[in-house]
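Enquirer: how would this look folded up:
(chains A and B)
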Amino acid sequence: DTAVSQTPKYLVTQMGNDKSIKCEQNLGHDTMYWYKQDSKKFLKIMFSYNNKELIINETVPNRFSPKSPDKAHLNLHINSLELGDSAVYFCASSEGQGAGGYTFGSGTRLTVV
Amino acid sequence: KQEVTQIPAALSVPEGENLVLNCSFTDSAIYNLQWFRQDPGKGLTSLLLIQSSQREQTSGRLNASLDKSSGRSTLYIAASQPGDSATYLCAAYTGFQKLVFGTGTRLLVSP
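Expert: Purely as a prediction, here's the structure:
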């Protein structure tokens, strides 16, 4: 009965590799997000999608490419991974633009070595 | 540009104390403010959501207040317990699908 689920929970990979993180929500929300939590625990928005349409791209390098096959899924693909990409990535969802609050997934800890 | 700050950055209290966590935001034009809890290595759990038209929200031992005019929100935890130990994050929703997070307060409640 998990509301927002992400896979994998942990991801360790070498520099230069390409990896994907998957996210699914069963809340019926029409907006989904990717947030990045850096080493200082600060959370910042990366992308938002509303009904499969990209709404926000917060100056993220184009090595990061989100894809939303339907409004219940938002995946994040990262090309040519760099050491600085190591962080915790959170998926979230909201109804509409978010005035009703956000629901977050449990996060994916990405470590680039 | 909305900026959200939380004070203190860390707080250590003995079990049973009542405590207040503070959250300040620079732009009062927010739609709502949400308080989250994050346990080490875990995701974010929503605690309370206060709409801009509301002054406060309560859930169990938690009470959150919102004063838009002064750009402040507080989270009051009554009778703290060791299980309350976590990082508490406030986040202001500014519209256009943007939730701006604060810097967090790391709380430790000792038995």
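
Enquirer: which stretches of the chain form strands?
Expert: Using chain A here. For chain A, strands defined by DSSP state E occupy the ranges A:4-7, A:10-13, A:19-25, A:31-37, A:43-50, A:53-57, A:64-70, A:73-78, A:87-94, A:102-104, A:108-112.

Enquirer: Please refer instead to chain B.
Expert: So, for chain B - with DSSP E - the strands run B:4-7, B:10-14, B:19-25, B:32-38, B:44-51, B:56-59, B:62-67, B:72-77, B:86-93, B:99-101, B:105-110.

Enquirer: Need the ones you listed in a markdown table (columns: distance to A:I45).
Expert: C-beta here means a position set from N, CA and C on the backbone, and glycine is covered the same way. Putting the strands of chain B into a markdown table (distance: least, CB to CB, whole Å) gives the following:
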| stretch | distance to A:I45 |
| --- | --- |
| strand B:4-7 | 13 |
| strand B:10-14 | 25 |
| strand B:19-25 | 16 |
| strand B:32-38 | 14 |
| strand B:44-51 | 13 |
| strand B:56-59 | 24 |
| strand B:62-67 | 21 |
| strand B:72-77 | 20 |
| strand B:86-93 | 10 |
| strand B:99-101 | 7 |
| strand B:105-110 | 21 |
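
Enquirer: Now render the ones you listed as TSV, adding mean neighbour count and mean pLDDT.
Expert: As requested, the strands of chain B are exported to TSV (neighbours: other CB atoms under 10 Å in any protein chain shown; pLDDT from 0 to 100):
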stretch	mean neighbour count	mean pLDDT
strand B:4-7	18	95
strand B:10-14	13	96
strand B:19-25	19	96
strand B:32-38	24	95
strand B:44-51	19	93
strand B:56-59	14	95
strand B:62-67	19	96
strand B:72-77	20	97
strand B:86-93	25	96
strand B:99-101	23	91
strand B:105-110	17	97
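
Enquirer: Spit out the contact partners of B:Q57.
Expert: By CB atoms under 8 Å, 6 or more residues apart in numbering or on different chains, B:Q57 lies in contact with B:L48, B:L49, B:I50, B:N63, B:A64.

Enquirer: Let me see the backbone angles for the one residue in chain B that gets nearest to chain A.
Expert: Per CB to the nearest CB, B:G43 is where chain B lies closest to chain A, at 3.5 Å. Note on B:G43: its backbone torsions stand at phi -80, psi -170 [degrees, to the nearest 10].

Enquirer: And for the residue in chain A positioned nearest to chain B, the neighbour number?
Expert: The minimum distance from chain A to chain B, using CB to the nearest CB, falls at A:S106 (3.5 Å). Other residues near A:S106 come to 19 when the count uses other CB atoms under 10 Å in any protein chain shown.

Enquirer: Quick one: residues contacting it.
Expert: By CB under 8 Å, 6+ apart, the contact list for A:S106 reads A:S5, A:Q6, A:K9, B:K42, B:G43.

Enquirer: Of those residues, which is the nearest to B:Q34?
Expert: Comparing these against B:Q34 with CB to CB places B:G43 closest, at 14.1 Å.

Enquirer: Please identify the residues of chain B in proximity to chain A?
Expert: Contact residues, chain B versus chain A (CB under 8 Å from any CB of the partner chain): B:31-32, B:34, B:36, B:38, B:41-46, B:49, B:51, B:87, B:89, B:91, B:93, B:95-99, B:101, B:103-104.

Enquirer: rewinding a little: near the residue of chain B closest to chain A, how many other residues are there?
Expert: Other residues near B:G43 number 21, with proximity taken as other CB under 10 Å.
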